[in-house]
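>>> structure here, sequence nowhere to be found:
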């Protein structure tokens with residue numbers, strides 16, 4: 001397993017998790033795996049095949065150059081051995097190599113992974129004649145960030161639409177599908193592929209539960225889900241795109257609750273590919289109710305720390321300082337105000353967590369202990385998400401700079417450059433807008449801990465609220481600056497209205513928090 005504690009190496013390390021439309025012919029999967037292993041510097045970590053899905057997922061890591069080459073060789077071998085005209089399976093797909101994501105692990109930025117995706121896409125399109133669509137962080141159009149949008153209609157539907165529909169034109173390669181279909185290439189953050197099997201064969205139940213769980217239908221954030229029939233059992237198949245914000249436990253418990261409504265339950269679950277160690281630690285912490293747990297209490301982590309640098313710090317000692325503030329003061333354009341605002345929001349969420357945990361276990365506050373446990377979990381998820389937003393904001397700014405430097409000598413280059421600038425600017429707008437929404441969520445939690453939490457920490461709750469408000473105001477400035485540059489005014493106006501609603505909620509919440517603090521604090 002590639003754990004979170006292994007990502008501190010100085011060398012650049014990239015993970016690639018390609019999905020292939022084949023599982024029922026082991027010799028084909030073996031040939032593709034050998035193509036990966038033949039590339040020096042690429043290490044195959046895992047392979048997972050599902051016969052009902054007729055789909056295989058390989059996971060390999062290595063230096064950026066070796067991983068990029070291994071991905072190309074795997075795509076070429078799959079195109080040689082898999083005929084999409086003959087392929088049938090439960091899982092949506094558009095190509096022999098269906099999707100190829102690059103994930104930064106250590107010593108490499110997301111933007112560098114985006115560059116890898118673009119280079120690979122261009123090479124595959126030119127040398128193998130396979131249409132390539134860029135998705136997630138590498139997407140050249142907002143609607144292509146979501147993989148489901150690209151796979152709409154699957155191979156059979158795309159085969160006709162690619163010929164005539166301009167919206168279905170690929171980013172690289174020909175506007176026609178051969179026997180290898182099309183491939184989606186991109187860069188993203190770590191994802192957990194997780195399936196839950198039910199104690200029923202009724203696939204309609206799985207589909208109803210999937211609609212409840214997935215975000216696109218109003219369910220949990222960062223969760224994608226499908227209801228399928230696999231191995232004679234109804235299955236809820238999920239991708240968790242940010243386990244810090246929506247942990248596995250929350251998804252599993254929602255499935256368990258929904259299954260009970262239909263008179264069924266959970267039979268077992270399975271992982272597809274690998275999972276970050278931290279995700280399992282968080283699941284154990286939640287189910288065992290280890291509210292005061294510290295990762296430093298894990299024996300293997302303590303031993304690893306002792307072997308690397310002598311005695312490990314005490315379990316509850318503060319983490320070592322990071323160089324973010326030095327980077328912020330360095331006089332470079334990135335990181336900038338958006339990253340600083342996200343950092344402020346993370347500090348706010350951390351204070352809310354602190355107040356909730358100072359309330360848990362106190363006899364005087366026994367009546368609200370369950371609520372405080374829930375608040376602490378939500379605040380921690382927001383803290384981790386906003387910490388990630390510090391880097392995301394810098395990456396979004398850098399992506400705009402990269403787009404501005406694209407060649408513009410020919411009309412075709414100019415069109416591609418303008419499209420790339422628009423897409424990058426839209427992302428640079430949505431990133432701080434998302435942080436603004438999270439700041440309001442922190443404000444709402446701050447209100448609850450101010451009202452119900454440990455009275456001795458009420459000033460900390462108030463400080464958290466003020467930091468969250470500062471985060472909102474800082475991100476709002478960044479949103480509006482970027483909105484000015486968007487050519488799509490309809491989208492710009494919609495985002496402006498979303499921000500106005502968020503700001504209205506924030507102003508109402510901060511007034512309530514001030515009133516609560518005055519009342520409870522005797523001010």
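Here it is on my side, so go on. What you see is a predicted model; the values in this text were computed from it and never measured.

>>> can you show me the helices along the stretch 201-350 of the chain?
Residue ranges of the helices in the stretch 201-350 of the chain, as given by DSSP state H, counting those that start in this stretch, are 203-213, 248-261, 277-287, 299-309, 324-328, 337-359.

>>> hey, which of those helices is tucked in deepest?
Sort the helices of the stretch 201-350 of the chain by mean neighbour count, taking mean count of other Cβ atoms under 10 Å, and helix 337-359 sits at the top with a mean of 25. C-betas here are computed from N, CA, C, even on glycine.

>>> which elements pack onto the very next helix or strand once past it?
Scanning the chain past helix 337-359 towards its C-terminal end, the next helix or strand to appear is helix 369-404 (assignment: DSSP states H and E). With contacts defined as 3 or more Cβ pairs under 8 Å, 6 or more residues apart in numbering; DSSP states H and E, the secondary structure elements packing on helix 369-404 are helix 110-123, helix 337-359, helix 411-452.

>>> distance from the next helix or strand after the longest one to the middle of the chain?
From helix 411-452 onward toward the C-terminus, using DSSP H and E, the following helix or strand is helix 458-485. How far helix 458-485 lies from its chain's middle: 22 Å, per Cα atoms, centre = their mean, to the nearest Å.

>>> cool, and stretch 164-184?
Distance of stretch 164-184 from its chain centroid, counting by Cα atoms, centre = their mean, is 26 Å.

>>> any low-confidence regions in the chain?
When residues are selected by pLDDT under 70, those of the chain lie in 1-10, 305-323, 522-523.

>>> 80 instead?
Scanning the chain for pLDDT under 80 picks out the ranges 1-11, 244-245, 273, 291-296, 300-328, 330-334, 521-523.

>>> quick one on the thing from earlier: would CSV of the helices of the stretch 201-350 of the chain with distance to residue 420 be doable?
CSV is the format used below for the helices of the stretch 201-350 of the chain (distance: least, Cβ to Cβ, whole Å):
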stretch, distance to residue 420
helix 203-213, 34
helix 248-261, 35
helix 277-287, 33
helix 299-309, 42
helix 324-328, 26
helix 337-359, 20
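
>>> where do the domain boundaries of this protein fall?
As assigned by automatic domain parsing, the chain contains the domains 4-187, 192-287, 331-521.

>>> redo those as a markdown table? Include distance to residue 298.
Below are the domains of the chain laid out as a markdown table (distance: least, Cβ to Cβ, whole Å):
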| stretch | distance to residue 298 |
| --- | --- |
| domain 4-187 | 9 |
| domain 192-287 | 7 |
| domain 331-521 | 17 |
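
>>> neighbours of residue 38, just the number please.
12 (other Cβ atoms under 10 Å).

>>> which residues sit in contact with it?
Contacts were defined as Cβ atoms under 8 Å, 6 or more residues apart in numbering; by that measure residue 38 touches residue 73.

>>> ok, residue 196 next?
The contact partners of residue 196, taken as Cβ under 8 Å, 6+ apart, are 235-236, 238, 252, 255, 266, 269.

>>> mind checking which of the domains of the chain is nearest residue 324?
Residue 324 sits nearest to domain 331-521 of all the domains of the chain, at 6.5 Å, using Cβ to Cβ.

>>> now do that closest one: distance to the chain's middle.
Centre to centre, stretch against its chain (Cα atoms, centre = their mean), the figure for domain 331-521 is 16 Å.

>>> can you give me the first-to-last residue distance of that domain?
Between the opening and closing residues of domain 331-521 we find a distance of 42 Å, counting by Cα to Cα, to the nearest Å.

>>> now tabulate the helices and strands packed on helix 369-404 in JSON lines and tack on distance to residue 221.
Compiled in JSON lines, those are given as follows (distance: least, Cβ to Cβ, whole Å):
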{"stretch": "helix 110-123", "distance to residue 221": "20"}
{"stretch": "helix 337-359", "distance to residue 221": "15"}
{"stretch": "helix 411-452", "distance to residue 221": "10"}
